[in-house]
Each structure stands twice: as C-alpha cells, then as structure tokens.
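S.K.: could you look at this predicted model? Sequence included:
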Amino acid sequence: MKRNVLIVITGAIVAVMALALVKLGNPQNMGICIACFLRDIAGGVGLHRAAVVQYIRPEIIGLALGAFLTSIFTKEYRSLGGSSTFTRFVLGFFVMIGLLVFLGCPLRMILRISAGDLNAVVGLVGLIAGVLIGIVFLRKGFSLGRAVPQNKSGGYFFPLLMLGLLVLLLARPAYIFFSAEGPGSMHAPVAIALAAGLIFGVLAQRTRLCLIGGIRDFIIFGDFYLLYGFLAILVTALIGNLALGSFHLGLQGQPIAHSDGLWNFLGMALGGFGSALLGGCPLRQLVSASEGNADSAVTVLGLLAGAAFAHNFGLAASAKGVTAPGQIAVLIGFAVILLVGFLNIKGLSVRQGVSASGSQGC
C-alpha cells in the first residue's frame, strides 16, 4: 500500500511541475517531455541544425543528477554493462524516430491527453499496440542478456556528462546553439527547471516510474503499480488544465502536434515496441543510466543520435504532418526492431525474459 501511495503522490507532483513549467515558459503541453528535451539538447550541442529546436534543457540534467544522487544515497548505485550494448543503441535510435513522428514521449502523450489533445489518445492506442507486440517476443523468450558488474567508476561518466552540459548551458559559449524562435526558445528559468528536474529524478528513481513497464506488468502479471503513477499524472494535469483554462478538446489546432491519425498511431507503436524490448521508456533509460547502467547510457546516446538524424534528414513530424521520409523511417524502424526481436529469442520463460530484457529493473 505504501508504494502505491508514493507513486500516486509522485504522479501528482510531476503533473503540477509540468503545468508550472509551461506557465513559466516551456512549450504548451510540453512541460516535461524526455524525447523532445533530448532532441533540443542534440540541437544545442550541434548534432542537428534545426534552428527552432536547440536548447540544453536543464530538466534532463536535473533528472539525471537527482536520480544519480538518490541511488548513491540509497546504495542502489550499481555499475553494470555488457547486455547487447550496441543493439540497445540501435533500438534507442529507432524509438526516438517513432516518438518524433508522434511528437512526444509517453509522458508528454499523457500530458497532451490531459489538455484535450485527442491525437494523443490515438498515440496511446498505438503505444499499447507496440508494447503488446513486444510482449509477444518476451513470451517467446526474447532477451538482450544480463548486464554484469563493471568497474565502479564507469557509471560515473554519465552524470559527469550531465554536469558538462550544465556548464555549457550556464557558460553559453559561441559553439553552443540556442533557438531564437520556436519550441527551443520557450523555456522556464534555468534554476527552476533544474530544480524541477532534480525533484523529478529523485521521485522517478524511488518509484521506477515508467509507462511502458506499467503496461507490460499489467498485461503479463496483473500488476497495476506503475500505472497508478501515470493515472495520477493524467488526473492531476486534467484538473490543472481545466482550472487554468488550458483544456481544449479536439484533434485540430493542438500545440506542437499533428492530426495524422495513422502516423500518430504507428509512430508511438514503434516507440512502444522498441521500448518494450529495451525494458523501459526514455525516462526509465535516463534514470537507469544515472544509476550506473552503461547499457542504458548507450541507449540514451542512441536516442540522441536518433533525434539528430531525424532532424538532419527531415524525418521528424511537425504541425504540418509527417514527411514521406519520416513515414519510410518508421517502416524501416519496424523492420529493424522485428529483426532484433527474432534474432534474440532465447527460449526463456516469461518472467526470465522480462527480467533479462530489462536489466535496468523497470
């Protein structure tokens, strides 16, 4: 009962922080979005040149550092690695492609639904479908192998990378890019965004918050624990949007969204499928990387690479819809992830397959 209460409180706090960050400058319906913020960071450090989405987001830095410090304090920090590391990079790459075709991670999808965006409901159906496909592979014994202990210092490089990004954000050298217009130019004050990220990181580390894991655990084990957190986010944010006059029900005219139902569905299905095989969503990968898991850190690098590739080659969607190259990239993503799935079926039991594929313990 205690853990259910904690994750519900966590969900409510995350929703309030997301609404507050929007009021303080973050894009509408994007108070917190792991995929979008990683994309902005990729642009900020010059990995892509889409001028409207370039900014080193302090929320990501704070989230990683909060999770790292909490794992140290609770003695849950473990330096691990060696679980199909490059395969995880590839999966992270295509998960990001799918999320940028949808325009948001699972967390932003819930926040979009709470603001009345029905396109995100289509995305939710796609996400569930993608996780269901992943579960089929898990039931057949899919496994990326188990991460094994590494040199303890190895896990410190990811939080050090985050500290480096914070230095670049504060120093603002000429070789770092900051959007002058568009979503990248919309941001809350650095100190507040960083503090919100730290709080989020602490809570996410303690609760293992993950929508992919929640859907998976409910379907396979009947365990509703992780879903309580996202239901709390949805209900709290819905109440907040109604109170603030930010709730607008419909498909058209939604902030930083498009109304192409097929590709909203397929983009999020691709993200859900890949995340199910990885053992967790982008949020969970960030937290796990901060706890010392080098495989998750490489997955985050895959997400960053996917974001850079998507914007350099015109794959990411926009309010105008999904480009033809973006549609082709999603189909290629399904083919690649299906291949990964079939090549990594090892005949394990259901529970072994779930545990092994998600070495980060979503």
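M.R.: All right, it came through fine.

S.K.: quick one, what contacts Asp117?
M.R.: Asp117 makes contact with Asn29, His248, Gly250, Leu251, Gln254, Pro255, Ala257 under the criterion CB atoms under 8 Å, 6 or more residues apart in numbering. Where you see a C-beta, it was placed from the backbone N, CA and C, and this is true even at glycine.

S.K.: what pLDDT does the third one get?
M.R.: This means Gly250. In this prediction, Gly250 carries a pLDDT score of 97.

S.K.: if we can go back for a sec, which of the contacts of Asp117 count as buried?
M.R.: Those of the contacts of Asp117 that meet the buried threshold are Asn29, Leu251, Gln254, Pro255, Ala257, by 16 or more other CB atoms under 10 Å.

S.K.: I'd like to know which of the residues you listed is nearest to Ile239.
M.R.: Ile239 has its nearest neighbour among the buried ones among the contacts of Asp117 in Asn29, at 15.5 Å by CB to CB.

S.K.: ok, the closest one touching Gly116?
M.R.: No - counting by CB atoms under 8 Å, Asn29 stays clear of Gly116, with 9.3 Å between them.

S.K.: number of residues surrounding Gly184?
M.R.: Neighbourhood size, Gly184 [other CB atoms under 10 Å]: 24.

S.K.: distance of it relative to Leu111?
M.R.: 18 Å (CB to CB, to the nearest Å).

S.K.: and the strands in the protein?
M.R.: 80-81, 148-149 (DSSP state E).

S.K.: out of those strands, which one sits most buried?
M.R.: strand 80-81 (a mean of 20; mean count of other CB atoms under 10 Å).

S.K.: quick one: residues in contact with it.
M.R.: Contacts of strand 80-81 (CB under 8 Å, 6+ apart): Ala147, Val148, Pro149, Gln150, Gly154, Gly155, Gly292, Asn293, Ala294, Asp295, Ser359.

S.K.: nearest to Val336, of those residues?
M.R.: Asp295 (18.1 Å).

S.K.: so which of the strands of the chain is nearest Pro106?
M.R.: strand 80-81 (24.0 Å).

S.K.: let's have the strands of the chain in TSV, adding distance to Ala307 and mean pLDDT.
M.R.: Shown next, in TSV, are those (distance: least, CB to CB, whole Å; pLDDT from 0 to 100):
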stretch	distance to Ala307	mean pLDDT
strand 80-81	23	96
strand 148-149	29	94
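
S.K.: make CSV from those and add distance to Ala50 to it.
M.R.: Below are those laid out as CSV (distance: least, CB to CB, whole Å):
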stretch, distance to Ala50
strand 80-81, 32
strand 148-149, 39
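
S.K.: centre-most residue in this protein?
M.R.: Pro282 (2.8 Å; CA atoms, centre = their mean).

S.K.: tell me how far that one lies from Leu160.
M.R.: 20 Å.

S.K.: tell me which of the strands of the chain sits nearest to Gln327.
M.R.: strand 80-81 (35.0 Å).

S.K.: Leu47 versus the closest residue to Leu19 other than its chain neighbours, what's the distance?
M.R.: Among residues not flanking Leu19 along the chain, Gly240 sits closest, at 4.5 Å (CB to CB, 6 or more residues apart in numbering). Distance of Gly240 to Leu47, given as CB to CB: 34 Å.

S.K.: ok, these two, which is more surrounded?
M.R.: A direct count of neighbours by other CB under 10 Å for Gly240 and Leu47 places Gly240 higher, at 22 against 18.

S.K.: spatially nearest residue to Lys23 (excluding sequence neighbours)?
M.R.: Leu244 (7.6 Å).

S.K.: can I assume the one you found is in contact with Val16?
M.R.: No - applying CB under 8 Å, one finds Leu244 not in contact with Val16, separated by 11.4 Å.

S.K.: the more surrounded of the two?
M.R.: Neighbour tally, Leu244 and Val16, criterion other CB under 10 Å: the higher count belongs to Val16, 17 against 12.

S.K.: these two touch, right, that one and Thr236?
M.R.: Yes - between Val16 and Thr236 there is a contact under CB under 8 Å: 6.4 Å.

S.K.: thought Ala18 was touching Phe200, still the case?
M.R.: No - with contact defined as CB under 8 Å, Phe200 does not count as touching Ala18 (9.2 Å).

S.K.: quick check: neighbours shared by those two?
M.R.: Common neighbours of Phe200 and Ala18 (CB under 8 Å, 6+ apart) are Ile32.

S.K.: any idea which helix or strand in the protein has the lowest mean pLDDT?
M.R.: Least confident helix or strand of the chain, by mean pLDDT, DSSP states H and E, is helix 350-357 with a mean of 43.

S.K.: quick one: which of the contacts of strand 80-81 is most hemmed in?
M.R.: Gly292 (29 neighbours).

S.K.: list the contacts of that residue.
M.R.: By CB under 8 Å, 6+ apart, Gly292 lies in contact with Ser71, Tyr77, Arg78, Ser79, Leu80, Lys152, Gly154, Gly155, Tyr156.

S.K.: rounded mean pLDDT for stretch 21-41, please.
M.R.: pLDDT averaged over stretch 21-41 gives 97.

S.K.: meant to ask about stretch 186-202, not that
M.R.: 98.

S.K.: what residues of it count as buried?
M.R.: In stretch 186-202, counting by 16+ other CB under 10 Å, buried: 186-188, 190, 192-202.

S.K.: from these, pick the one nearest Phe178.
M.R.: His187 (9.3 Å).

S.K.: ok so, going back, mutual contacts of Asn29 and Gly116, please.
M.R.: The contact sets of Asn29 and Gly116 overlap at Gln254 (CB under 8 Å, 6+ apart).

S.K.: returning to that earlier point: wait, which of the buried residues of stretch 186-202 is closest to Val131?
M.R.: Nearest to Val131 among those, with distances taken as CB to CB, is Phe200, at 22.8 Å.
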